[in-house]
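> What shape does this take:
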Amino acid sequence: MIVQRAALWYPEHVLAVGAICVPFAKPTNGFVPLEKLVQRFPNFAYQLWFESYDSDQELSSAENIAKFLKGVFRIKGDSPVTWNVGKDVLKRMGEPSLGRVWENEEIFKYYVQNFARTGSMRGPLTYYKTRELNYKDEVDLAKNAKIKCPALFVGAERDIALPPSTWRSQGWVSQLESYKVSKGHWCLVEDQGKEVSPIIQRWVGKISTTKANL
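Next up is the predicted model:
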């Protein structure tokens with residue numbers, strides 16, 4: 001979302017913009033409380049916990065941070081874990097195993113240590129807590145919002161949080177190229193990114209060639 005807004009607010013500084021899994025979302029004319037959004041899109045239920053004070057409190061120990069990262073970062077073939085719920089996320093997860101996203105356990109330990117060093121995961125989850133502030137910042141853009149530079153969207157068919165039903169309203173991005181891959185939300189690392197990487201490489205190559213000829 002931050003990348004998208006950079007292209008919207010500062011188009012003179014952006015040659016092209018790409019989004020993986022997160023579809024381009026136009027600023028809205030009215031604020032929709034998260035509770036109502038979840039009623040319409042149950043796949044966003046996890047955000048209720050992300051925006052709550054509970055997530056700050058619970059994700060304040062290395063043990064819970066490790067559990068959270070294990071439970072959320074999973075790909076096809078890993079044993080399933082319940083995490084897309086509005087409360088008691090860590091409790092509902094049970095005791096997840098280390099998924100194949102973290103094939104190198106040293107990298108997993110590095111992430112846990114650095115998140116734990118800050119005292120909590122409040123930083124990474126702050127965006128979910130500022131929806132209304134963000135709405136107020138960009139409400140004047142809503143009517144005429146347009147991303148005009150070349151844009152790429154790659155959606156993942158097995159994405160639980162952002163399934164194909166959420167990809168439909170991207171017509172406000174005038175030069176959008178859309179693709180889909182058969183993987184899940186972590187398609188950039190699933191199967192070492194073999195399906196999504198060629199799409200990105202072709203698109204970046206085309207953009208680079210076009211800009212070089214201008």
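> now the strands for this structure?
Assigned by DSSP state E, the strands in the chain fall at 17-20, 147-156, 173-181.
> wait, which of these is closest to residue 96?
The closest of those to residue 96 is strand 147-156. By Cβ to Cβ, the value is 20.4 Å. To be clear about C-beta, it is placed using only N, CA and C from the backbone, and glycine gets the same treatment.
> Can you give the strand pairings for that closest one, parallel or anti for each?
Sheet pairing of strand 147-156 (DSSP bridges) gives strand 17-20 (parallel), strand 173-181 (parallel).
> for the ones you listed, which one ends up most surrounded?
Comparing those by mean neighbour count (mean count of other Cβ atoms under 10 Å), strand 17-20 comes out on top with a mean of 20.
> now it: mean pLDDT?
Averaged over strand 17-20, pLDDT sits at 96.
> Can I get that strand as PDB, trimmed to CA atoms?
The C-alpha trace of strand 17-20 is given here as PDB (Å, rounded to 0.1, in the frame of the first residue of the first chain):
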ATOM      1  CA  VAL A  17       5.200   0.700  -9.900                       C
ATOM      2  CA  GLY A  18       4.700  -3.000  -9.200                       C
ATOM      3  CA  ALA A  19       2.600  -4.800  -6.600                       C
ATOM      4  CA  ILE A  20       2.800  -8.500  -5.600                       C
END
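> Contacts for it next, please.
Residues outside strand 17-20 that contact it (Cβ atoms under 8 Å, 6 or more residues apart in numbering): 3-4, 6-7, 147, 149-154, 187-188, 196, 200, 203.
> What confidence value was assigned to the residue nearest to residue 70 when sequence neighbours are not counted?
Sequence neighbours aside, residue 96 is the residue nearest to residue 70 in space, at 4.3 Å (criterion: Cβ to Cβ, 6 or more residues apart in numbering). At residue 96, the predicted lDDT confidence score is 96.
> my guess is residue 96 contacts residue 71, does it?
Yes. In terms of Cβ atoms under 8 Å, residue 96 counts as a neighbour of residue 71; the distance is 4.4 Å.
> picking up where we left off before, distance to residue 49 for the strands paired with strand 147-156 - can I get that in CSV?
Shown next, in CSV, are the strands paired with strand 147-156 (distance: least, Cβ to Cβ, whole Å):
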stretch, distance to residue 49
strand 17-20, 23
strand 173-181, 28
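> quick check: domain ranges of the chain?
If you go by automatic domain parsing, the domain ranges for the chain are 2-26+145-212, 39-129.
> if we can go back for a sec, just the contacts of strand 17-20 now: which is nearest residue 172?
residue 147 (6.9 Å).
> Do you know the pLDDT at that closest one?
Value for residue 147, per-residue pLDDT: 96.
> and if you look at residue 10?
The model's pLDDT for residue 10 equals 93.
> same deal with residue 56?
On pLDDT, residue 56 comes in at 89.
> ok now do it, which residues does it touch?
120-122, 125.
> ok, now residue 13?
So residue 13 contacts residue 6 (Cβ under 8 Å, 6+ apart).
> What's the separation between it and residue 20?
For residue 13, the distance to residue 20 equals 21 Å [Cβ to Cβ, to the nearest Å].
> Give the buried residues for the lengthiest helix in the chain.
Counting residues, the longest helix found in the chain (DSSP state H) is helix 197-212. Residues of helix 197-212 classed as buried: 199-200, 203, 207 (neighbour count, 16 or more other Cβ atoms under 10 Å).
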